[in-house]
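Visitor: Okay, sequence plus prediction incoming.
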Amino acid sequence: MNIIRRKFHNYFAKNKLANILKNDKINFNDIHKNIFIGRSNYNGLGVFSFAEINKNEIIEVCPTIKIENGSIPNNLIDYLFDNSSENANTEIVQIMKPSQKDINYKLFPLGYGILYNHSDTPNAFFQIVKSPVNNENETVASKYIMILRSLKKIEKDEEICISYGNAWWKDRKWKPLNEENIMRQVFHPSNEK
């Protein structure tokens, strides 16, 4: 298995995030030491834990790029987030239909943000927070930052998953794969109708 690590040393992390996360005790150099990209049992790649992660611990901080709805390439549609309050904490949002608040843009997360897979029983969630931009010379691509936190204790080598939410599945006329049904089909295929 190839393990990909990266460091998080930059102006943005040390200055902007310090203000946003002032109530959290966090060493910005350690943010990505506990996660890695690996082959997922769900589909393709996923993000996994190198070490045990405690409940409500910050797993990753993703700056975002704001993309206008009309400029979204089709191959990015499944990876973007909406900033509407109904979805800010746990759901990836349908992209093609305008939201109730007529938000005309979506947020593209940088970092590992697009690699988190769906689970019916997620162990993590995203918070979207507004970054204070002090002047026009700031290098932040968007005023919004996505912070991934653990919902519960995550064991070493466990895949970190979020809930995509009902809107994501409904828009595609898909149904999420229920883990119990998958196991039943694998171990008892003769019971299928």
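Guide: Structure received.

Visitor: Where does pLDDT dip in the protein?
Guide: Applying pLDDT under 70 to the chain flags the ranges 1-32, 69-103, 132-142, 166-193.

Visitor: list the contacts for residue 112?
Guide: 35, 37, 47, 60, 62 (C-beta atoms under 8 Å, 6 or more residues apart in numbering). C-beta here means a position set from N, CA and C on the backbone, and glycine is covered the same way.

Visitor: List just the nearest of the residues you listed to residue 129.
Guide: Top of the list for closeness to residue 129, among the contacts of residue 112 and by C-beta to C-beta, is residue 62 at 11.0 Å.

Visitor: Who are the contact partners of the closest one?
Guide: 109, 110, 111, 112, 113, 145, 146, 147, 148.

Visitor: Double-check that it belongs to a strand.
Guide: Yes. Assigned with DSSP: H, G, I helix; E, B strand; the rest coil, residue 62 falls within a strand.

Visitor: ok so, going back, can you turn the buried part of the contacts of residue 62 into a ChimeraX selection?
Guide: Once 16 or more other C-beta atoms under 10 Å is used to decide burial, the buried members of the contacts of residue 62 can be selected in ChimeraX as follows:
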select :109,110,111,112,113,145,146,147,148
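
Visitor: tell me which of the contacts of residue 62 is nearest to residue 55?
Guide: Distance to residue 55 across the contacts of residue 62 (C-beta to C-beta) is lowest for residue 148, with 13.4 Å.

Visitor: Isn't the closest one up against residue 122?
Guide: No. With the criterion set as C-beta atoms under 8 Å, residue 148 and residue 122 do not qualify as a contacting pair; they are 10.8 Å apart.

Visitor: Name the residues contacting each of these two.
Guide: The contact lists of residue 148 and residue 122 share residue 162, where a contact means C-beta under 8 Å, 6+ apart.

Visitor: thinking again about what came up before, which two from the contacts of residue 112 end up farthest apart in space?
Guide: Comparing all pairs in those by C-beta to C-beta, the longest separation belongs to 37 and 62, at 14.1 Å.
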